[in-house]
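Engineer: Predicted coordinates and the sequence they were generated for:
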Amino acid sequence: MMTHKIEGKFSVKNIKQFERVLDQIDKNAVLVYNESDFDQYCLYILKDWNNKKLFVKKVNENEKFSYYLKKFFGKGSLYLSSLIDFFYDILRLKKEKHQKETWWSDVLSLFYSFGINAIPVVVLMNFSLGVVLAIQGAVQLKSFGAELFSVDLVTVSFFKEIGVLLSAILLAARSGGSSTSKIGMMKVYEEWDAIKVSGINPNVFLLKTRILAFAFAMPLLAYIANFAGIFGGFIALKFLIGIDNHLFFSMAFSNFTYSIFFAALWKGPCFGLVIGLISCFEGQKVKVSAEEVAKASTKGVVYSIVCVILLDTFFNVLFTGIS
Amino acid sequence: MNLITIKNLTSKVHKGIDWELKKGEFHGIIGPSGQGKSYFLKIVLGILPALEGEILGADGTKWVSNKSNIGVQFQHSGLISSLTIGQNIMMPLRVKKGLSLNYAASLARFCMEEVQLDHKFFDFFPAQCSGGMQKRASLARALSMDPDILFLDEPTAGLDPIVIEGYDALLKKISQKGTTIIMVTHDLARLRNLSNRISIILDGKFHTGSFQSLQNSDNLKVKEFLESYVRTVAGF
């Protein structure tokens, strides 16, 4: 049996190149390929199995992108490129004959589970963070006699960054992790296969609905987080420096420009999409064992949070640069 | 008439398999563990890809499982855990046939009766049912579409002998109605009673024929496999 070293993707101009590659590795191996399949400048994948036969398979259209990205940016971009391939795959999904395009009732029930059910924990976390931010802000600014400006600190921080970011982290940990494990377990217990042979495309039925639900749930959670954080700040400042209600809210609302108030409205769906994509991507990679499910869930949550923070950094740098 | 014809199927474990499924037959697939019995079924169903070869339908064109009228019972039953037993059975009826909820529900109840599953389980979730109940529910779902071909992947694994006897009687009844059945199992004694033809998978190759013809086969590996089975299985 040959080693698996030669397995991989190759961009070749003709079959002679393949034969040369093979010749270097094992002179007795046979190259199995379909002449009619062989187009010039196409990508092919080499699969070596037993019996000294090397199978040449044409690379799928959607795999090409990852190949080129990997070629230009190195191995580190492999995950990103696979994710983009997956996103591209989800976007151009074709429904089966009798299948509805998207199960909107499922999107709604998932939205309820990801969004509405997460409200208490989002409120609690952001309220607490609002209290902390207001106290720390007031304490630090007091030395300049500017403790009142902690109102601006809390309001702007929450509406511009903290609300949406913290909601995204909570959503990734709470619903992202559960989605990854659910999809993974469905693959392990053949539920995925059962859906497929029932004539339903599982990618539409299970993944697209989830990704949409994440994208819809995020803005809702982000706005609730923003208001909970500001309320936390208000309560803290009320007790700490005895701020007047009217003064607090007039100062808070004076900060609301369009760009600040609507930041969560466009950032939220972007973060939701990223969380949904990564969770579903990791879930559908599971093949046979529960061990894989555990690993996929961990990866899904960690990668989601990392990607959301990186994306937020990118948005900040980009829009600060533009403005 | 062949419902499915497979030519030169090659995968990680299969080596150039030529195989056919005849209309109305009960075809059993057996072999030692790890030889790719379930894998073969999944390739035929289009769940896993093959490296080479073609799968043709009755009309000679490429056979696509989800466009054909088939029923599948998976090894782990494959019931969707978030749906009730009733919803699971109704799913292909609603999605593939576009039946109304009431009509699909009455058909689902009829299928439950067919597999001797009490109506009270209609609103139960799979996790609330025993393994045997889940297998029956899975078979009811497979039968709900009145399939031309029924695929069974180790349908009675882990069930007690009394339940298996009842299950076999049910399969006989379904087979007598004219449904083509293909069953993967480890139980050669049951296959001998149930199936018209048996495929033994050994070293990635299929050896197909009736039980008698396989017993009289010149192939040493087939003989050895059957003899070892006779030696180990009591009452055979």
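Structural biologist: Yes, it's here.
Engineer: CA atoms for contacts and neighbours, from now on please.
Structural biologist: Noted.
Engineer: just checking, next helix/strand downstream of the longest helix along chain B?
Structural biologist: Secondary structure of chain B per DSSP state H: the longest helix is helix B:161-176. Toward the C-terminus, helix B:161-176 is succeeded by strand B:180-184 as the next helix or strand (DSSP states H and E).
Engineer: mind listing what that next one pairs with, with the direction of each?
Structural biologist: Strand B:180-184 has the following strand partners under DSSP bridges: strand B:26-30 (parallel), strand B:149-153 (parallel).
Engineer: What residues of the longest helix of chain B count as buried?
Structural biologist: By 16 or more other CA atoms under 10 Å in any protein chain shown, the buried positions in helix B:161-176 come out as B:164, B:167-168, B:171-172, B:174-175.
Engineer: ok, so of those, who is nearest residue A:220?
Structural biologist: residue B:167 (51.3 Å; CA to CA).
Engineer: Show me what from chain B comes close to chain A.
Structural biologist: Within chain B, the positions lying close to chain A (CA under 8 Å from any CA of the partner chain) are B:12, B:45, B:47, B:51, B:65-67, B:72, B:74-80, B:91-92, B:95-98.
Engineer: So among those residues, which ones count as buried?
Structural biologist: Taking 16+ other CA under 10 Å as the criterion, what is buried in the residues of chain B next to chain A is B:45, B:47, B:51, B:65-66, B:72, B:74-80, B:91-92, B:95-96.
Engineer: Among those residues, which are located in strands?
Structural biologist: The strands, defined by DSSP state E, take in residue B:72 from these.
Engineer: Which residue would you name as the spatial centre of chain B?
Structural biologist: Centroid-nearest residue in chain B: residue B:152, 1.6 Å away (criterion: CA atoms, centre = their mean).
Engineer: Model confidence score at that residue, please.
Structural biologist: Here the pLDDT value assigned to residue B:152 is 92.
Engineer: again with residue B:166
Structural biologist: 84.
Engineer: State the distance from it to residue A:233.
Structural biologist: In this structure, residue B:166 and residue A:233 are 68 Å apart, going by CA to CA, to the nearest Å.
Engineer: Distance check, the residue in chain A positioned nearest to chain B against residue B:138.
Structural biologist: Residue nearest to chain B within chain A (CA to the nearest CA): residue A:191, separated by 4.3 Å. Noted for residue A:191: a distance of 11 Å to residue B:138, by CA to CA.
Engineer: between the two, who's got more neighbours?
Structural biologist: Neighbours were counted for residue A:191 and for residue B:138 using other CA atoms under 10 Å in any protein chain shown; residue B:138 has more, 30 against 21.
Engineer: Which of the three states applies to that one?
Structural biologist: Three-state call for residue B:138 (DSSP: H, G, I helix; E, B strand; the rest coil): helix.
Engineer: quick one: it and residue B:73 touch, right?
Structural biologist: Yes: counting by CA atoms under 8 Å, residue B:138 touches residue B:73, with 5.7 Å between them.
Engineer: Need the overlap of contacts for residue A:191 and residue B:138.
Structural biologist: Counting by CA atoms under 8 Å, 6 or more residues apart in numbering or on different chains, the shared contacts of residue A:191 and residue B:138 are B:78-79.
Engineer: least trustworthy helix or strand in chain B by mean pLDDT?
Structural biologist: helix B:220-232 (a mean of 80; mean pLDDT, DSSP states H and E).
Engineer: Which other helices and strands does that one contact?
Structural biologist: With contacts taken as 3 or more CA pairs under 8 Å, 6 or more residues apart in numbering or on different chains; DSSP states H and E, helix B:220-232 sits against strand B:197-202, helix B:211-215.
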